[in-house]
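>>> starting from these lines, generate the structure:
(chains A and B)
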Amino acid sequence: MRSGSLLSIITACVVLAGCGGGGGGGGGGTPTPPPNADGDSVADAQDCAPNDATKWQLLSYQSVDMDQDGHKVAAAAGASPVCSGASLPAQYSAAAADPNDLDCDDTSNARWQMLSYAAVDADGDGHFVTSSGQACSGAALASTYATVAPSAATVDCDDASASTWRYVMTYADTDGDGVGAGKGTVSCVGTAAPAGFSFLGYDPDATNASAKNTELPSWQLTTP
Amino acid sequence: MKRIKYIAAIALLTASAGASAAPVDYKFDSVSRFDAGRDWTNPSTQAQGLLSVTGVLQNATTPITVSFRDSGYSEGSFLNNRCVPIFLTMMEKPGRYVLNLSIDSSATAPLLSCGLVLKS
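Numbers count the residues shown, from 1 in each chain, chains lettered A, B, ... in the order given. Below you'll find the model as predicted:
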């Protein structure tokens, strides 16, 4: 008689399908919903972001615009689908990138197109050397590029140094009085002559610092 | 017919006389040599004077020589004569000035202008 009662209880449990869940199932017969930590209506087991209610499904894409500048690049071959909400995140697109508008630098929204240049100012001193090519740019070339090659009279003699950009005749200033003498040497300089040299070359006595034949400064010689 | 040929010849001569190369502007950073003399190398022009200036142009590294004739016409000689002191000043005060020359080698008086600019 006792064994018959036990069988009845087991059968009832199977029918109600609630006994295995422990005490959590209550006694009302309602099935326990699967875990859903973010409450986004997709169970954690199927949710690609179980803790983010804004994402729950994997969507494929063909192009990306990581810097959000409106110019895309093609997705990498075999790229994994991205965890999304109702639609792809803004950086991803299901459409293919426009081959005529591919972003040349998808890490910076300041650059997206290749522009041609004819001169480069690598040291940023405002003086260019002739060099042609294309640079990844924004709406216009960066200031270190130009579309017109410099003339021979303005080309930078040292584009690796911002302090030198022009060839000028310099004269040895052996007595250090600021005026040199002799035949002269062409040097790549900026605003100042190299140590031991001067831009002026008419020292009447190259061994006497007190004799230098210095002219009046230019502002005194120039008529206003 | 003869008259047409004559007009055509005149037109051709006029066009030739009017054709001249564009002037070339030179900016010398320094001048190391100035010469004046006759062009003995060319029998057809040896009666004319030949002047030349040798120096280094701005932002250049090697000297060049610029030559121009003095045909003896008053206007050309006048300017050449005025320019000689400028060339000498340029040599006497190295580094003080930039020498500007404008030369049209196809013109009867090739030297169009000369001048000094004080370096700042």
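>>> when you work out contacts or count neighbours from here on, use the C-alpha atoms and nothing else.
OK.
>>> and for residue A:80, the neighbour number?
As a burial measure, residue A:80 scores 12 neighbours (other Cα atoms under 10 Å in any protein chain shown).
>>> mind pulling up the phi and psi values for residue B:89?
phi -60, psi -40 (degrees, to the nearest 10).
>>> quick one: the strands in chain B?
Under the criterion DSSP state E, chain B contains strands at B:24-38, B:49-57, B:64-70, B:97-103, B:111-118.
>>> a markdown table for the ones you listed, including mean pLDDT, distance to chain A and mean neighbour count?
Listed next are the strands of chain B as a markdown table, based on pLDDT from 0 to 100; distance: least, Cα to the nearest Cα, whole Å; neighbours: other Cα atoms under 10 Å in any protein chain shown:
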| stretch | mean pLDDT | distance to chain A | mean neighbour count |
| --- | --- | --- | --- |
| strand B:24-38 | 94 | 7 | 18 |
| strand B:49-57 | 94 | 8 | 19 |
| strand B:64-70 | 92 | 14 | 19 |
| strand B:97-103 | 97 | 10 | 20 |
| strand B:111-118 | 95 | 7 | 17 |
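>>> so which bits of chain A are right by chain B?
Contact residues, chain A versus chain B (Cα under 8 Å from any Cα of the partner chain): A:152-155, A:157, A:166-170, A:186, A:199-202, A:218.
>>> ok so, going back, got the strands of chain B as TSV, with distance to residue A:147 columns?
Below are the strands of chain B laid out as TSV (distance: least, Cα to Cα, whole Å):
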stretch	distance to residue A:147
strand B:24-38	24
strand B:49-57	25
strand B:64-70	29
strand B:97-103	28
strand B:111-118	30
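>>> quick check: domain ranges of chain A?
A:42-108, A:113-146, A:166-213 (automatic domain parsing).
>>> quick check: mean pLDDT across the last one?
It refers to domain A:166-213. Domain A:166-213 shows a mean pLDDT of 91.
>>> how long is it end to end?
Counting by Cα to Cα, to the nearest Å, you get 26 Å between the two ends of domain A:166-213.
>>> what of the second one?
Between the opening and closing residues of domain A:113-146 lies a distance of 16 Å (Cα to Cα).
>>> ditto for the first one
Chord length of domain A:42-108, first to last residue, is 35 Å (Cα to Cα).
>>> got the buried residues for stretch B:69-88?
B:69-71, B:76-77, B:79-80, B:83-84, B:86-87 (16 or more other Cα atoms under 10 Å in any protein chain shown).
>>> equivalent analysis for stretch A:93-103, please.
Applying 16+ other Cα under 10 Å to stretch A:93-103 flags A:93, A:97, A:102-103 as buried.
>>> so for that stretch, mean pLDDT?
On average, stretch A:93-103 scores 95.
>>> who touches stretch A:85-98?
With Cα atoms under 8 Å, 6 or more residues apart in numbering or on different chains as the test, stretch A:85-98 has contacts from A:54-57, A:59-68, A:72-74, A:82.
>>> pick out the residue nearest the middle of chain A.
What sits nearest the mean C-alpha location of chain A, by Cα atoms, centre = their mean, is residue A:108, with 4.3 Å.
>>> and it, that one's in a strand?
No. In this structure, residue A:108 is coil, not part of a strand, as judged by DSSP: H, G, I helix; E, B strand; the rest coil.
>>> which residues touch the closest residue in space to it that isn't next to it in sequence?
Residue nearest to residue A:108 in three dimensions, not counting chain neighbours: residue A:67, with 5.5 Å by Cα to Cα, 6 or more residues apart in numbering or on different chains. By Cα under 8 Å, 6+ apart, the residues touching residue A:67 are A:91, A:106-109.
>>> having no further points to raise, I will conclude here.
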